[in-house]
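Enquirer: Model the structure of this input:
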Amino acid sequence: MEKQLVLSDERLVKDFIAGKVTSIDMLIERHKAKVFSYILMCVKQQELAEDIFQEAFIRVIKTLKNGRYFDSGKFSSWVMRIAHNLIIDHYRKQKNQSVISNDNYEYDLFNSAKFSDKSVEEEMVKSQVLSEVAMLVKLLPDNQREVVEMRHYRDLSFKEIAEETNVSINTALGRMRYALMNLRKLAEERNISLTLS
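Expert: This is a model prediction of the structure:
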């Protein structure tokens, strides 16, 4: 029986730099689910998430080809940081493009909360909190994690969750309640603040 050798990220990076093009495909395949779901969770738009994901790996390839990657032992963290920075860049550009003239209106548009953009710092805090919540959700027991993901990531009602998981609505609600209690407890244990202020 032949054992299949699983190459480390660092080995694949070195192979790609040495000219083995298929190594980058293996790296993308290995990390695409994690990176893409993080981007999608932050930007909430499929097409935009796909664009940012593609741009992230274009940057990865360019950096590797230009010999500017320094092996810190955690390739996946480096890719996530690139994706995170691209998300921040996107919000920054979006903020700079939203120009509205106050001259066409009788009242002061800029006093409306509807038009107040979050600062880059606020966006970074929000993104960090969302990332930490996603990490904590993964630590929940399976039945609690399932309810949280269905409710908050798939936007299902408790009735739909109950039907999909073959339990009563009360059981689905109970699982959500326990999930939230466990998330608070996990956040406290890890000294993670889950507030945006």
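Enquirer: who touches the most centrally placed residue in the chain in this structure?
Expert: Central residue of the chain (CA atoms, centre = their mean): residue 38, 1.7 Å from the mean position. The contact partners of residue 38, by CB atoms under 8 Å, 6 or more residues apart in numbering, come to 80, 83-84, 131, 134. Every residue, glycine included, has its C-beta placed from N, CA and C.
Enquirer: likewise residue 55?
Expert: Residues near residue 55 by CB under 8 Å, 6+ apart: residue 86.
Enquirer: Now rank the contacts of residue 38 by neighbours and give me the top one.
Expert: residue 83 (25 neighbours; other CB atoms under 10 Å).
Enquirer: follow-up on the earlier one: from the contacts of residue 38, which has minimum pLDDT?
Expert: Ranked by pLDDT, the contacts of residue 38 bottom out at residue 131 (76).
Enquirer: Show me where the chain dips below the pLDDT cut-off.
Expert: 1-5, 71-73, 97-123, 125, 194-197 (pLDDT under 70).
Enquirer: Please parse it into its domains.
Expert: Residue ranges for the domains of the chain, per automatic domain parsing: 1-97, 117-197.
Enquirer: now the longest one: how far from the chain's centre is it?
Expert: The one in question is domain 1-97. Chain-centre distance of domain 1-97: 13 Å, with CA atoms, centre = their mean, to the nearest Å.
Enquirer: cool, and the shortest one?
Expert: Between the centre of domain 117-197 and the centre of its host chain there is 14 Å, according to CA atoms, centre = their mean.
Enquirer: circling back to that earlier point, using the three-state scheme, assign the residue nearest to the centre of the chain.
Expert: Here residue 38 is helix, with the state taken from DSSP: H, G, I helix; E, B strand; the rest coil.
Enquirer: neighbours around the residue nearest to residue 53 when sequence neighbours are not counted, how many?
Expert: Spatially, and ignoring its direct neighbours in sequence, residue 53 is nearest to residue 36 (5.0 Å; CB to CB, 6 or more residues apart in numbering). For residue 36, the tally of surrounding residues (other CB under 10 Å) stands at 18.
Enquirer: ok, residue 36 - contacts?
Expert: 49-50, 53.
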